[in-house]
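> Here you go, sequence then predicted model.
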Number of protein chains: 2
Amino acid sequence: MPRPKLQSGPATSERILDVAERLVQQQGFNGFSYATVASELHISTASLHYHFPSKTDLGRALIERYHASFSRALDDIDRDARGAADKLRRYAALYDSVIKNDRLCLCGMLAAEFATLPAPMQQALTAFFDLNERWLAAVLKDGRSGGALDFRDSPADRARILLGALEGAMLVARSYGDEKRFRAAANQLLEDLGSGPRVKPRRASK
Amino acid sequence: MPRPKLQSGPATSERILDVAERLVQQQGFNGFSYATVASELHISTASLHYHFPSKTDLGRALIERYHASFSRALDDIDRDARGAADKLRRYAALYDSVIKNDRLCLCGMLAAEFATLPAPMQQALTAFFDLNERWLAAVLKDGRSGGALDFRDSPADRARILLGALEGAMLVARSYGDEKRFRAAANQLLEDLGSGPRVKPRRASK
DNA sequence: GTCTATAGGTGGATAGAC
DNA sequence: GTCTATCCACCTATAGAC
């Protein structure tokens, strides 16, 4: 069992994932190479293959880490947010922080390349979307029964619409290099759900 | 000046575009190669380069043809549709026919790869989105002033939301290999705009 | 764990014959 | 317009030394 490192930074495999994640979010899984990651970290591609024997292994690890990280973020929201509308605002803020770095959602990008991905990555991808849809559906359901949100269709259907709309808004906004475009769409999508004002909370009106 | 062909099928360059278009919509611009197109058409890659000297040329031609084709489809809708709600239904049907063939919108796919595309393709891409947003905004504006549609924000903002939501719904639905997923989302998005019942028109209610 | 060196394949693109 | 042959760059991946 290796001793915990006392002074060094993140383990090499984590730094590999960090760089690869950014490259995939910006250029796609078919648009980046081991060579790029290696040169950026000043290591050889052979070292990369030591940590991730195949590109498929690296890709799956990327999705699984992203999934776990997103899952923790959703737990944090559940713990900290005040009400369903606030949960949705914080959820949208997760996307906003992504496009601010000139990236797409990792899984939104991979969804475009879906047909060319190896099967293990395809499965990990839908698992990520499932997580998002389940969480959104639960928030929407609670928000409606509590009176904070208003929509006509089922929470599950509305969750799918919301997920797709946020992914698509990022996709188009990034082509214009205009993150405000995304923010405007996200804010309006939340307003459509009757999630209240987005900038400052107001005391009960009327 | 070449004589018009009397008996042959579409010109070679058109058949190249047909195959390349399908491959890009399914696998992305970085996910297909001249070799694949050539073997499918039983010609050599050198012939491909005769018609489209570089892959950038081919990519730009793909977007421009797609743009022109879409523009004609929108003209047809303007001519044939009965009212704004019907126009939106027919617009969504364009997307539906795409995902039914296991494809993404050509420009939705390219938007994901945006950062890796040559500049001429990037410009052609935003021109396509501009066309869609202008058309949608005009339909939304007319529909609201005529009472057929109802939404709170500006027609331009709502057009952007709708375009992004349709692109995103396709993106996610295709990862599940489930075109019904897209259709459900599209129908609900139209209902949100107060575009009335989607299956059969009804006589004035109440 | 990291390296050098390299294998083996595929990418886009070109030359020149026909 | 289409072909064969070829170039060179890049890709993923491996072997084996350190």
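Yep, that arrived.
> For residue A:42, the count of nearby residues, please.
Using other Cβ atoms under 10 Å in any protein chain shown, the number of residues around residue A:42 comes to 6. (Each C-beta comes from the backbone N, C-alpha and C, glycine too.)
> ok, now how distant is residue A:166 from chain B?
For residue A:166, the distance to chain B (Cβ to the nearest Cβ, to the nearest Å) stands at 7 Å.
> Just want the angle from the helix or strand that residue falls within to helix B:155-175.
Secondary structure here is read from DSSP states H and E; on that basis residue A:166 sits in helix A:155-175. In terms of direction (axes from the mean of the first three to the mean of the last three Cα atoms, to 10 degrees), helix A:155-175 departs from helix B:155-175 by 110 degrees.
> buried set for helix A:155-175?
A:155, A:157-175 (16 or more other Cβ atoms under 10 Å in any protein chain shown).
> What helices and strands are in contact with the following helix or strand past that helix?
Next in sequence after helix A:155-175, counting helices and strands by DSSP H and E, comes helix A:179-192. In terms of contacts (3 or more Cβ pairs under 8 Å, 6 or more residues apart in numbering or on different chains; DSSP states H and E), helix A:179-192 is packed against helix A:84-100, helix A:155-175, helix B:155-175.
> got the ones you listed as JSON lines, with mean pLDDT columns?
Output for these, formatted as JSON lines (pLDDT from 0 to 100):
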{"stretch": "helix A:84-100", "mean pLDDT": "98"}
{"stretch": "helix A:155-175", "mean pLDDT": "98"}
{"stretch": "helix B:155-175", "mean pLDDT": "98"}
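> Include distance to residue B:54 when you put those into CSV, please.
Conversion of these to CSV gives the following (distance: least, Cβ to Cβ, whole Å):
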stretch, distance to residue B:54
helix A:84-100, 31
helix A:155-175, 22
helix B:155-175, 27
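> which stretch among those comes nearest residue B:149?
With Cβ to Cβ as the criterion, residue B:149 lies closest to helix B:155-175 of the helices and strands packed on helix A:179-192, at 8.9 Å.
> Can I get the helices and strands packed on helix A:179-192 in TSV including distance to DNA strand D?
Written out in TSV, the entries for the helices and strands packed on helix A:179-192 read as follows (distance: least, Cβ to the nearest atom of the strand, whole Å):
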stretch	distance to DNA strand D
helix A:84-100	23
helix A:155-175	22
helix B:155-175	21
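> what stretches of chain A score poorly on pLDDT?
Regions of chain A meeting the criterion pLDDT under 70 cover residues A:1-7, A:195-206.
> Please tell me how far residue A:126 sits from residue A:134.
As defined by Cβ to Cβ, to the nearest Å, residue A:126 lies at a distance of 12 Å from residue A:134.
> So for those two, which sits in the more crowded spot?
Each of residue A:126 and residue A:134 has its neighbours counted (other Cβ under 10 Å); residue A:126 has more, 16 against 13.
> That one contacts residue B:176, doesn't it?
Yes. If you go by Cβ atoms under 8 Å, residue A:126 and residue B:176 touch, sitting 6.2 Å apart.
> Need the phi and psi values for the most centrally placed residue in chain A.
In chain A, the C-alpha nearest the mean C-alpha coordinate belongs to residue A:105, at 4.7 Å (Cα atoms, centre = their mean). Recorded main-chain torsions at residue A:105 are phi -50, psi 130, according to degrees, to the nearest 10.
> how much space between it and residue A:52?
For residue A:105, the distance to residue A:52 equals 22 Å [Cβ to Cβ].
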